[in-house]
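Undergrad: A predicted structure for the sequence below; I have some questions about it.
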Amino acid sequence: MPITPATATHGSSEDTAEAILLELVDENGVTIGTAEKLAAHQPPGRLHRAFSVFLFDPRGRLLLQQRALGKYHSPGVWSNTCCGHPYPGEAPFAAAARRTHEELGVSPSLLAAAGTVRYNHPDPASGLVEQEYNHLFVGLVQAPPAPDPEEVAQTVFVTADELAERHARDPFSAWFMTVLDAARPAIRELTGPTAGW
């Protein structure tokens, strides 16, 4: 399902934790209220809606991003293509497309839902907690990324083997393996059996 380029309607940076509201949900993903972003991540964390995007190039390589060093949460670590939080009432698909464009300067040529995963990941470095009901998306990207330096320090496309080497060597986000493992069935369907995902 092709999508058109997304543009922000609520400002350019999701990482300004002040005054941004997240959608709180129950264990079934039903909205039960809102909370300020930073407050929702304070221990023990409040369960909220999130999304994670995995984009692949035509060669079946995954686009990773290294989070900008100035981010208040998990700065400098590697993670999946894009992740974030829908605004209250915003569809997760729309939020995923919007944030991918805001952070990386590209729009997926294909983006499809890949299920959900619920997790609780404390971040030892910041003391914050990721208590999330996460909507997963997989897709294709054909244009080279043009990252916003306030959001993304650098990007790289990796094969499954290159990811394993990098994951053993470099710091990754606390949630990365959880969301990757949950998205693997859809990733394999997208990239085919020979890509090794």
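TA: Sure thing, it's come through. Numbering: from 1, shown residues only.

Undergrad: make it CA atoms for all contacts and neighbour counts henceforth
TA: Noted.

Undergrad: List phi and psi for residue 138.
TA: Main-chain torsions, residue 138, degrees, to the nearest 10: phi -120, psi 150.

Undergrad: That one reaches residue 60, doesn't it?
TA: No: assessed by CA atoms under 8 Å, residue 138 is found out of contact with residue 60, at 11.7 Å.

Undergrad: which residue is nearest the middle of the chain?
TA: Compute the mean C-alpha point of the chain, and by CA atoms, centre = their mean the closest residue is residue 83, 1.6 Å away.

Undergrad: Okay, and the beta partners of that one?
TA: Judged by DSSP bridges, the bridge partners of residue 83 are residue 52.

Undergrad: Quick check: it vs residue 180, distance?
TA: 12 Å (CA to CA, to the nearest Å).

Undergrad: So for stretch 74-92, what gets flagged as buried?
TA: Across stretch 74-92, burial judged by 16 or more other CA atoms under 10 Å covers 74-88, 92.

Undergrad: Can you measure across it, start residue to end residue?
TA: Start-to-end, stretch 74-92 (CA to CA) is 22 Å.

Undergrad: same check, this time on stretch 50-64
TA: 18 Å.

Undergrad: repeat for stretch 190-197
TA: The first and last residues of stretch 190-197 sit 10 Å apart, counting by CA to CA.

Undergrad: Can you list the neighbours in contact with it?
TA: Residues outside stretch 190-197 that contact it (CA atoms under 8 Å, 6 or more residues apart in numbering) are 56, 60, 138, 139, 159, 160, 161, 184, 187, 188.

Undergrad: quick one: it to chain centroid distance?
TA: On the basis of CA atoms, centre = their mean, to the nearest Å, stretch 190-197 sits 21 Å off its chain's mean C-alpha point.

Undergrad: and it, what's its mean pLDDT?
TA: Averaged across stretch 190-197, pLDDT comes to 92.

Undergrad: do stretch 95-115 as well
TA: In this model, stretch 95-115 has an average pLDDT of 97.

Undergrad: Just the C-alpha atoms of it, please, in CSV.
TA: Provided in CSV are the C-alpha atoms of stretch 95-115 (Å, rounded to 0.1, in the frame of the first residue of the first chain):
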residue,chain,number,x,y,z
ALA,A,95,2.4,8.5,13.0
ALA,A,96,4.9,6.0,11.6
ALA,A,97,4.9,7.6,8.2
ARG,A,98,5.1,11.1,9.7
ARG,A,99,8.0,10.4,12.0
THR,A,100,10.0,8.5,9.3
HIS,A,101,9.8,11.6,7.1
GLU,A,102,10.6,14.0,9.9
GLU,A,103,13.5,12.0,11.2
LEU,A,104,15.0,10.6,8.0
GLY,A,105,13.8,12.9,5.2
VAL,A,106,12.3,9.9,3.3
SER,A,107,8.9,8.4,2.9
PRO,A,108,8.5,4.6,2.5
SER,A,109,7.5,3.4,-0.9
LEU,A,110,5.6,0.7,0.9
LEU,A,111,4.5,0.5,4.6
ALA,A,112,2.5,-2.3,6.1
ALA,A,113,1.3,-3.2,9.6
ALA,A,114,3.3,-6.1,11.2
GLY,A,115,1.4,-6.7,14.4
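
Undergrad: Many thanks, I have nothing further to ask.
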